[in-house]
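Engineer: Any chance you can model this:
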Amino acid sequence: MPDMDLGDVTIHYEEAGEGSLAYVFCHGLDRDNNEFGGEFTDQLDFWKDRFGRAVTWDHRGMGRSSEAADYSLPLYASDLARLLDGLDTLLGFFPHIEQELACIQFSKNRHIWLMFLL
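Structural biologist: Numbers count the residues shown, from 1 in each chain. The predicted structure follows:
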């Protein structure tokens, strides 16, 4: 599926549906979207039906995204922001527990409020 060149890294993502609001799935730090037999990508249609659009992505250096020179939670948050900007997407998050901090950093950088369903 598609890749987006962010300059310092190329991010692989999958999406289903249309519209500016999207359910965005963020996998854990040692995972990718094909973990557990493709469970994350297999759920895109389910979440698309509820939100209109669903997006999942492989973090820098994981899955089908490219390697990068640096890795940190602020960089993961920046990658997510640039990916969503490129997709012209508003969001609702479902982060894997390890990615809550990156999503919190993203919301802090963007001055938005997030609600997590745990």
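Engineer: In the protein, which strand is the longest?
Structural biologist: strand 10-17 (DSSP state E).
Engineer: Output the contacting helices and strands for it.
Structural biologist: Using 3 or more Cβ pairs under 8 Å, 6 or more residues apart in numbering; DSSP states H and E as the contact criterion, the elements in contact with strand 10-17 are strand 3-5, helix 44-51, strand 53-57, helix 73-86. Glycine gets a C-beta too; all of them are placed from N, C-alpha and C.
Engineer: mind running it again at 10 Å?
Structural biologist: Helices and strands touching strand 10-17, by 3 or more Cβ pairs under 10 Å, 6 or more residues apart in numbering; DSSP states H and E, are strand 3-5, strand 21-26, helix 35-42, helix 44-51, strand 53-57, helix 73-86.
Engineer: Relative to L90, how far out is L6?
Structural biologist: Distance of L6 to L90, computed by Cβ to Cβ, to the nearest Å: 19 Å.
Engineer: between these two, who's got more neighbours?
Structural biologist: L6 (19 against 12; other Cβ atoms under 10 Å).
Engineer: Could you pull up the residues touching the residue nearest to the more buried one when sequence neighbours are not counted?
Structural biologist: With sequence-adjacent residues excluded and distances taken as Cβ to Cβ, 6 or more residues apart in numbering, L6 is closest to R82, at 4.8 Å. Under the criterion of Cβ atoms under 10 Å, 6 or more residues apart in numbering, the contact list for R82 reads M4, L6, G7, D8, V9, I11.
Engineer: The helices and strands packed on strand 10-17 into CSV, with extra columns for distance to E15 and mean pLDDT?
Structural biologist: Output for these, formatted as CSV (distance: least, Cβ to Cβ, whole Å; pLDDT from 0 to 100):
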stretch, distance to E15, mean pLDDT
strand 3-5, 11, 97
strand 21-26, 7, 83
helix 35-42, 10, 60
helix 44-51, 7, 88
strand 53-57, 5, 88
helix 73-86, 10, 87
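Engineer: how about the ones you listed in a markdown table, adding distance to S66?
Structural biologist: Listed next are these as a markdown table, based on distance: least, Cβ to Cβ, whole Å:
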| stretch | distance to S66 |
| --- | --- |
| strand 3-5 | 8 |
| strand 21-26 | 18 |
| helix 35-42 | 19 |
| helix 44-51 | 22 |
| strand 53-57 | 12 |
| helix 73-86 | 11 |
